[in-house]
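Student: Sequence and predicted structure below; questions after.
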Amino acid sequence: MKSKRSFTIVERAIILVPEFQSVVKRLSEQVTLRGQSKSTLNNYIRRIALFVIHFEQLPDQVSEDEANEYLVALARDPKSPSRSSFKHMVYGLRYYFRLLGMNKKAIALPALQGNTKLPVILNRSELKELFAAPTLLKQRIVLTLIYSAGLRGLEVINLKISDVDFERKTIHIRQTKYKKDRILPLSPTMAIGLKKYLGAENPHIWLFNGKQANGQYSTRGISWVMRENLKKTAIAKKVNLHSLRHSYATHLLEEGVNIVSLKELLGHAQITTTMIYLHVAQFEYVKPHSPLDTLYGRFKK
């Protein structure tokens with residue numbers, strides 16, 4: 001006797017509230033039009049489906065008090081200490097209400113507390129120690145390249161040899177997290193290392209070949225390289241691959257690059273995302289003064 005197929009959360013929501021099927025269709029169309037990822041769509045739909053199953057109604061048919069009571073219970077759930085379920089539920093419901101043009105309802109949802117954790121930054125001595133740790137040239141180059149241009153792990157593995165222009169000293173990052181291209185400056189120091197690596201490894205198509213079926217390196221592989229080489233150092237900080245990008249951003253701020261330029265270099269969609277580095281960057285202290293004095297050269301640091 002064949003066992004019955006179990007229904008997914010979305011299918012269960014559609015069975016309980018058939019109108020939810022048209023919501024799923026509209027959400028799918030919007031995510032496609034906005035160029036967002038399928039994982040974003042699936043996460044939103046799954047969260048809204050859980051809400052629909054709980055109330056056996058579409059979210060706009062549930063009273064504000066009932067919705068808030070449900071969200072408070074979710075936020076207090078001891079099984080989710082990071083409150084991730086609450087956070088993603090609020091994101092999903094906000095998206096749902098905005099889709100229906102009900103922005104006031106979206107705004108009325110509980111505010112999400114921002115993550116107060118500041119990024120952990122490697123200082124310059126620690127970076128030198130890390131980059132000296134790998135015995136393999138490829139590993140040294142991939143870690144150094146991430147820091148030199150502030151790259152995300154996915155951006156590194158998607159780099160093709162043709163994306164590096166040694167004459168123009170640029171790196172072309174294609175279709176990033178927000179489906180946008182950006183051009184980054186290629187460090188002259190990095191260019192020397194890359195040329196040495198290309199001559200020694202002779203990669204094909206991808207800048208960093210790996211064991212994937214399509215020949216690409218994997219983000220898991222690069223993360224492993226970071227972890228293994230950290231073990232060879234005396235670095236005690238809790239850092240990961242993304243810490244190299246955080247360090248890049250912080251060091252550029254400390255060296256005088258303005259926050260707007262940094263936003264573009266990092267490929268952030270919002271300046272508020274970039275502003276977190278203002279909390280960790282160490283700037284030279286300038287005592288309070290009037291700009292009138294600096295105008296006439298009468299102010300001394």
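Tutor: Ah, there it is.
Student: Buried ones in the helix or strand containing S261, by neighbour count?
Tutor: Using DSSP states H and E, S261 maps to helix 259-266. If you call a residue buried by 16 or more other C-beta atoms under 10 Å, then helix 259-266 has these buried ones: 262-263, 265-266. Glycine gets a C-beta too; all of them are placed from N, C-alpha and C.
Student: swap in stretch 234-251?
Tutor: Neighbour-count burial for stretch 234-251 flags 235, 239, 241-251 (criterion: 16+ other C-beta under 10 Å).
Student: The buried residues of helix 259-266: which two are farthest apart?
Tutor: Largest separation among the buried residues of helix 259-266 by C-beta to C-beta: K263 and L265, giving 7.4 Å.
Student: Helices of the stretch 201-301 of the chain, residue ranges please.
Tutor: Remark: helices assigned in the stretch 201-301 of the chain by DSSP state H, counting those that start in this stretch are 219-230, 242-254, 259-266, 271-274, 291-295.
Student: nearest to K25, of those helices?
Tutor: Checked against C-beta to C-beta, the stretch from the helices of the stretch 201-301 of the chain lying closest is helix 271-274, at 31.1 Å.
Student: Tell me how far the closest one lies from the chain's centre.
Tutor: 12 Å (C-alpha atoms, centre = their mean, to the nearest Å).
Student: cool, stretch 156-164 as well?
Tutor: Using C-alpha atoms, centre = their mean, the offset of stretch 156-164 from its chain centre is 19 Å.
Student: what does stretch 217-224 give?
Tutor: Worked out by C-alpha atoms, centre = their mean, stretch 217-224 lies 16 Å from the chain centre.
Student: how many other residues sit next to D60?
Tutor: Look at D60: counted by other C-beta atoms under 10 Å, it has 13 neighbours.
Student: Phi and psi next, for it.
Tutor: Backbone torsions of D60, given as degrees, to the nearest 10, read phi -70, psi -10.
Student: List the residues that contact it.
Tutor: Residues in contact with D60 (C-beta atoms under 8 Å, 6 or more residues apart in numbering) are 96-97, 100, 102, 105.
Student: Name the pair among the buried residues of stretch 234-251 with the greatest separation in space.
Tutor: I235 and A249 (18.8 Å).
Student: The closest residue to I235 other than its chain neighbours: which element?
Tutor: Spatially, and ignoring its direct neighbours in sequence, I235 is nearest to E126 (5.2 Å; C-beta to C-beta, 6 or more residues apart in numbering). If you go by DSSP H and E, E126 is part of helix 124-132.
Student: chain center to that helix, what's the gap?
Tutor: The answer for helix 124-132 is 24 Å, by C-alpha atoms, centre = their mean.
Student: So which elements touch that helix?
Tutor: Counting contacts by 3 or more C-beta pairs under 8 Å, 6 or more residues apart in numbering; DSSP states H and E, helix 124-132 packs against helix 137-149.
Student: tell me the angle of the helix it packs on relative to helix 219-230?
Tutor: Here helix 137-149 points in a direction 100 degrees away from that of helix 219-230 (axes from the mean of the first three to the mean of the last three C-alpha atoms, to 10 degrees).
Student: For stretch 102-118, give the mean pLDDT please.
Tutor: Averaged across stretch 102-118, pLDDT comes to 67.
Student: cool, and stretch 261-275?
Tutor: On average, the pLDDT along stretch 261-275 is 87.
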